[in-house]
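In: My questions are about this predicted structure, shown below with the sequence.
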Amino acid sequence: MRQILLVLVFLALTVLAIPLLAFCALFGLRDFYLACGAWMMRIGRWILGVPVEAVGRDRLDRNIPYVFMSNHVSFLDAPLLLTVIDRPVRFIVKRFVFRIPIFGLGMRFAGYVPLDKEGVGEGRKRIALAACLIKEKGYSFLVYPEGTRSWNGALQPFRRGGFYLALAAQTPIVPVSIKGTYEMMPRVSWWIRRGPVRIVFHEPVGVAGYSSEMMPELMERVRTAIASVS
């Protein structure tokens, strides 16, 4: 019943998002638009009755843009993370997502970075664009270093794209551990169960002094932090 109510509420909010997007675009209110999106996610969390414990936000500096890196075990990870991260965040997402009516326009306006196709050359272009947005506009990005959701809840091998982004922008990485979403909605399920969620923001990892040759060391440092919450 809660899940049906959630769908109905989000359909109504999607309709309201059209004039909101037009208003925000007229006045250039990108962060406000993302804040409204986070508010929608909080409504969804309230409808589902999901208690979320967020730990470690006091470690973050509001004046510094970050590359947040989280484990990825459920479709619910991003919506719940957006309810507790203390700032607007952007994503690098595949271009087909931008074709979704209303949401695609909203993501483009908000500063999400489209990934046209897989491949080293295309990935470097998108990373360069995202790094410029971090340095010039102070945007923060949320990245899943595993690249895709885990099938069994275990931490998968990391990809390098998000780490190249942090190095290119020279901005710290915040390892994030999220626990409980796999039990609520694993990859093989479309039904949401109720349960508690714990999100831990670890100490930011500075990238000064790191180079592409030292990438394995940086990746292992972040991986160790994310895996430390059981």
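Out: Thanks, I have the structure now.
In: so where is this structure shaky, pLDDT-wise?
Out: 1, 116-122 (pLDDT under 70).
In: can you give me the helices for it?
Out: In the chain, the segments counted as helices under DSSP state H are 2-27, 30-48, 77-82, 103-110, 120-137, 161-169, 181-184, 215-227.
In: from the chain's centre, how far out does the fourth one sit?
Out: When distances are taken as Cα atoms, centre = their mean, to the nearest Å, helix 103-110 is centred 15 Å away from the chain's centroid.
In: between it and helix 30-48, how big is the angle?
Out: Helix 103-110 runs at 140 degrees relative to helix 30-48, counting by axes from the mean of the first three to the mean of the last three Cα atoms, to 10 degrees.
In: What residues of helix 103-110 count as buried?
Out: 103-107, 109-110 (16 or more other Cβ atoms under 10 Å). Every C-beta, even on glycine, is put in place using the N, C-alpha and C of the backbone.
In: Now do that helix against helix 2-27, angle only.
Out: Using the same axes, to 10 degrees: helix 103-110 against helix 2-27 is 40 degrees.
In: would you list the helices of the chain in CSV and tack on distance to residue 93?
Out: CSV is the format used below for these (distance: least, Cβ to Cβ, whole Å):
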stretch, distance to residue 93
helix 2-27, 17
helix 30-48, 14
helix 77-82, 10
helix 103-110, 7
helix 120-137, 10
helix 161-169, 13
helix 181-184, 19
helix 215-227, 21
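In: Which among the ones you listed is found nearest to residue 63?
Out: Checking the helices of the chain against residue 63 by Cβ to Cβ gives helix 120-137 as the closest, at 13.4 Å.
In: Can you list the helices and strands that the closest one packs against?
Out: If contacts are counted by 3 or more Cβ pairs under 8 Å, 6 or more residues apart in numbering; DSSP states H and E, helix 120-137 sits against strand 92-94, strand 113-115, strand 140-143, helix 161-169.
In: Much appreciated, bye for now.
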